[in-house]
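>>> A predicted structure for the sequence below; I have some questions about it.
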Amino acid sequence: MDKEEIAKLKKLLEVQRTKLAEGISHIERDNLNRSQRDASGDLSGYSFHMADMATDNFDREFSLDLASNEQDLLNRIEEAIRKIDEGDFGICETCNKPISIKRLKAVPYAKLCIKCKEDEEKKSGRT
């Protein structure tokens with residue numbers, strides 16, 4: 001893989017990193033840092049209906065799961081950028097062979113080549 005291709009992939013990773021960081025910040029700001037009363041818009045002193053509380057709890061849990069998944073992806077992107085900087089980018093972590101440029105263009109934070117990823121998915125039963 002030449003330096004120009006690596007530079008393009010790094011730029012793509014940096015754009016994805018920025019978008020994910022903004023998304024996580026948005027989730028935290030709009031969902032996770034608000035009380036149930038603030039989230040519902042209820043300014044009265046009356047207690048919540050149990051169904052409303054359940055909906056609010058579901059929404060918060062959903063947002064927390066979403067933020068967690070986005071944080072995991074952000075960590076993988078950060079690791080890929082670090083590997084670019086260290087010169088280890090594009091090498092399969094299982095077989096130590098180069099990951100195809102086609103795969104890296106589709107999933108620039110890929111840790112495994114297609115064959116090793118397929119083997120991993122077969123072992124875990126996700127085929």
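That came in fine, so what should we check first? Numbers count the residues shown, from 1 in each chain.
>>> what's the next secondary structure element after the worst-scoring helix or strand of the chain on mean pLDDT?
When the helices and strands of the chain are compared on mean pLDDT, DSSP states H and E, helix 36-40 comes out lowest with a mean of 53. Stepping forward along the backbone from helix 36-40, the first helix or strand reached (DSSP states H and E) is helix 50-86.
>>> That following helix packs against which elements?
Counting contacts by 3 or more C-beta pairs under 8 Å, 6 or more residues apart in numbering; DSSP states H and E, helix 50-86 is packed against helix 3-27, helix 36-40. All C-beta spots, glycine's among them, are computed from the backbone N, C-alpha and C.
>>> ok, now with 6 Å
Identification of packing neighbours for helix 50-86 by 3 or more C-beta pairs under 6 Å, 6 or more residues apart in numbering; DSSP states H and E yields helix 3-27.
>>> The helix it packs on packs against which elements?
Contacts of helix 3-27 with other secondary structure elements, assessed using 3+ C-beta pairs under 6 Å, 6+ apart, are made with helix 50-86.
>>> For the helix or strand following the helix it packs on, what does the pLDDT average out to?
Where DSSP H and E defines the elements, the next helix or strand beyond helix 50-86 is helix 101-106. Mean per-residue pLDDT for helix 101-106: 95.
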